[in-house]
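J.: what's the 3D shape of this:
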Amino acid sequence: MTGLISRLRQLRHSDQAIAAHVRHTLVESLYASPQSLVIGALTSGTITAIVALVGGSRSMVACAVAIVVVAGIRIVDALRLRRSGSTRSTLAGRWANRQEFLYRAGALCFSALLGTFGLLTLVHTNDGVLQLLAVTTAVGYAAGIAGRNAGRPWIALSQLCFASVPLALGLFASLEPLKLVLGVVILLFVVAMMDITLQTYGVILRATIASREKAALAEHHAAVARRDDLTGVANRTAFRERFEAQLKTAGDRDRSLSIHWIDLDRFKEINDSFGHLAGNALLAGIARRLDEAFGRSGIVARLGGDEFAVVCAIARHDDAIEIGRTIIELVERPVHHDGHLLRVGASLGIAIAPADGTDADTLLKNADLALYRAKDSGRGQMCFYEPLMDEKIERGRDLAAEMQGAMERGEFHLMFQPIFDLAGERVLSCETLLRWTNRRLGSVSPAEFIPIAEDNGLIVGIGGWVIREACRIAGDWPPDVKIAVNLSPIQLRSTNLPMVIMSALASSGFAADRLELEVTESVLLDDIDASLAALDAINRLHVRTTLDDFGTGYSSLSYLTKFPFQTLKIDRSFISDLEQSPASVAIVQTVIDLAAKLGMRTVAEGVETRAQLDQLRRTRCDAVQGFLLAHPMPASMIATMLAENGIRAQRLS
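T.: Numbering: from 1, shown residues only. Sure, this is the predicted structure:
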């Protein structure tokens, strides 16, 4: 008994110390089996009503009526919660405390009435059957609730005492030996059931705590699995789930959603210049800004790498424009890291639901297409999806897929356009032009496939093949005829470019000073130091370099003193205006004179009329190139032309 009292004291303190969510779960257990509550209330109410009617005592009838009323109230309460669908949501917060109070009041009242009814039956009747029914009903109910309500032990223990102790008192009041023995047995029964209830509660409490800890751990893992580790915003998985949920809600409420697909401009340069820790700090800073601006009302997610997405509800098309401008402004703000100011820009692709699609897959694809167009238009741009984008993008993706293995299938070939002396009679050099005839798509323009090759990294391999093939073909030409090959910006920055050149020269036996590599001004704008180092490495191999499209940059003259070029190619835009524009004549003459003073040769490209050629002769340009003199042609025609020029030269000599 002492141990039981000690456990009851511990119960009082431990019950107050348990966490609120554990308490809520234990309260839910009171309603875990509403069927047993209903059955117990109905059977107890029926038996007491019968006993009261047969016994005839007014106090018994009054008590039986009270039992039936309380039983009805408890049945209604249990069925109400069952109809609500989920006790877990119903019993949250203050609802749990209120519901526990109501349940306790009903349970204790019902137990006390049953015990009182048993006491009245023992006192007011001498019918053994009626007394047996009253006692067994109360004792049976007490035994049942000891397990049923063990999750809230004070309720179970109170019910046990309220239902059983009055019976023992009634038995003791009779002073009959057998009834005294039965009263003692009931009291021992109460003590035993109290011990069982406390043990059951301990098991339930431990299981509940373990279950809640397991559920909390699972929720934590689920949250981690849906959060980007680096930035803390939603990852691709969480973004997809939340986006689909918002799409459904937007459809129900007839709202529009905008999805802004964001790609950072020049992010790779941050990693290359300052290291990956700086890149991570930049990504985290940008994500934090976007989340502060749009996270509460919309969705902010990092989709991987340097790509983010922002989804917002909008009322009109202009709202998406304003959101896009805000995103670009937030991204362009510098991020401080380790004493450096890290700066990037953003390109945005925008799709609107439901105008551009009603499902997540379609909208994400369309936003991606718009982003592709935005990046193609230049940095810091945002572009809305348009249906016509599908055709162009699909074409680009088809070309990218077909380009894989195109070189191995022999689909690339070279064409050559001669460069003549000023008289237009002798071939000085030939510019190499890459062509692609695909097995499925036919002839593809270089303006279309070369940017794709640069984007997917194939241009380095293709460019190396062009250099080797051009040197091999030109090896059979007269030794005074040079070959010119255009370099992609990616090729120029490739660390193995000198090895590729040396390998091509060695395998073909082609003289290094007969090879000319052409680069455009736009290549030099990206990274002056790296470009200068690459050109120096080329010149050390005795290979000549040419500045192509001279005059299209914004600081062209500075290149003439910084970079080791041997030849300048004057852009065709100046040549086309020679007939109508005195300014173009003056510019071309100035460039030619300046190049001559710097020891550089000049080539005028894009010569298409006799008047243009005559004007260039007056300026004393070194060489000319254009459709007036010769179109691009295959290697066999070049060989024939060079052979004919050689025969003509021999006759003249």
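J.: can you list the weak-confidence ranges in the stretch 101-250 of the chain?
T.: By pLDDT under 70, the low-scoring segments of the stretch 101-250 of the chain are 146-151, 153, 202, 204-205, 207-209, 212-213, 215-225.
J.: what residues does whichever strand or helix holds Ala484 touch?
T.: Per DSSP states H and E, Ala484 falls inside strand 482-486. With contacts defined as C-beta atoms under 8 Å, 6 or more residues apart in numbering, strand 482-486 is touched by 416, 419, 428-432, 466-467, 470-471, 473-474, 477, 510, 514-519, 544, 546, 548. (Each C-beta comes from the backbone N, C-alpha and C, glycine too.)
J.: roughly how far is the next helix or strand after it from the heart of the chain?
T.: Downstream of strand 482-486, the first helix or strand assigned by DSSP H and E is helix 489-492. What separates the centre of helix 489-492 from the centre of its chain is 31 Å, taken as C-alpha atoms, centre = their mean, to the nearest Å.
J.: Helix 489-492 packs against which elements?
T.: Applying 3 or more C-beta pairs under 8 Å, 6 or more residues apart in numbering; DSSP states H and E, one finds that helix 489-492 contacts helix 459-474, helix 521-526, helix 528-540.
J.: and the first one, what other elements does it pack with?
T.: With contacts defined as 3+ C-beta pairs under 8 Å, 6+ apart, the secondary structure elements packing on helix 459-474 are strand 412-421, strand 427-438, helix 446-455, strand 482-486, helix 489-492, helix 497-508, strand 515-520.
J.: other SSEs contacting the helix or strand just after the second one?
T.: Per DSSP H and E, the first helix or strand lying C-terminal to strand 427-438 is strand 442-444. Counting contacts by 3+ C-beta pairs under 8 Å, 6+ apart, strand 442-444 packs against strand 427-438.
J.: which parts of the strand it packs on are buried?
T.: Within strand 427-438, the residues scored as buried using 16 or more other C-beta atoms under 10 Å are 427-436, 438.
J.: Which pair of those residues spans the longest distance?
T.: Largest separation among the buried residues of strand 427-438 by C-beta to C-beta: Leu428 and Asn438, giving 33.4 Å.
J.: Give me the contact list for stretch 581-596.
T.: By C-beta under 8 Å, 6+ apart, stretch 581-596 touches 550-551, 557, 560, 568, 570, 574-575, 577-578, 601-602, 604, 615-616, 619-621.
J.: er, stretch 264-278 actually
T.: So stretch 264-278 is contacted by 279, 282, 286, 306-307, 331, 337-338, 340, 342, 344-347, 375, 379-380 (C-beta under 8 Å, 6+ apart).
J.: Need the mean per-residue confidence for the strand holding Ala484.
T.: The average pLDDT for strand 482-486 rounds to 96.
J.: Can you mark which positions in it are buried?
T.: Within strand 482-486, the residues that count as buried by 16+ other C-beta under 10 Å are 482-486.
J.: follow-up on the earlier one: which of the contacts of stretch 581-596 fall within strands?
T.: Members of the contacts of stretch 581-596 lying in strands (criterion: DSSP state E): 550, 568, 570, 601-602, 604.
J.: got TSV for the residues you listed, with distance to Glu176 too?
T.: Shown next, in TSV, are those (distance: C-beta to C-beta, whole Å):
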residue	distance to Glu176
Phe550	126
Leu568	129
Ile570	130
Arg601	134
Thr602	134
Ala604	133
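J.: burial of Asp614, as a residue count?
T.: By other C-beta atoms under 10 Å, the residues close to Asp614 number 11.
J.: Could you pull up the contacting residues of Ala293?
T.: With C-beta under 8 Å, 6+ apart, Ala293 has these contacts: 326, 330.
J.: Give me the phi and psi angles of it.
T.: Backbone torsions of Ala293, given as degrees, to the nearest 10, read phi -80, psi -40.
J.: So for it, what pLDDT did the model give?
T.: For Ala293, the predicted pLDDT is 94.
J.: ranking the helices and strands packed on helix 489-492 by mean pLDDT, which is last?
T.: helix 521-526 has the lowest average pLDDT among those, namely a mean of 68.
J.: Could you pull up phi and psi at the closest residue in space to Glu448 that isn't next to it in sequence?
T.: Leaving aside its sequence neighbours, Glu448 sits nearest to Leu399 (C-beta to C-beta, 6 or more residues apart in numbering; 6.8 Å). Dihedral angles of Leu399 (phi, psi; degrees, to the nearest 10) stand at phi -60, psi -40.
J.: Touching stretch 39-52 from outside, list them.
T.: 60-61, 63-65, 67-68, 71-72, 74-75, 110, 114, 117, 121, 130, 133-134, 137, 141, 144-145.
J.: can you list the weak-confidence ranges in the stretch 501-650 of the chain?
T.: Residues of the stretch 501-650 of the chain meeting the criterion pLDDT under 70: 524-527, 552-559, 646-650.
J.: that older thread, make JSON lines out of the helices and strands packed on helix 489-492 and add mean neighbour count.
T.: Shown next, in JSON lines, are the helices and strands packed on helix 489-492 (neighbours: other C-beta atoms under 10 Å):
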{"stretch": "helix 459-474", "mean neighbour count": "21"}
{"stretch": "helix 521-526", "mean neighbour count": "17"}
{"stretch": "helix 528-540", "mean neighbour count": "15"}
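J.: Tabulate the ones you listed (JSON lines), appending distance to Val165.
T.: Below are the helices and strands packed on helix 489-492 laid out as JSON lines (distance: least, C-beta to C-beta, whole Å):
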{"stretch": "helix 459-474", "distance to Val165": "93"}
{"stretch": "helix 521-526", "distance to Val165": "92"}
{"stretch": "helix 528-540", "distance to Val165": "94"}
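J.: Quick one, which of those gets closest to Gly106.
T.: helix 521-526 (80.0 Å).
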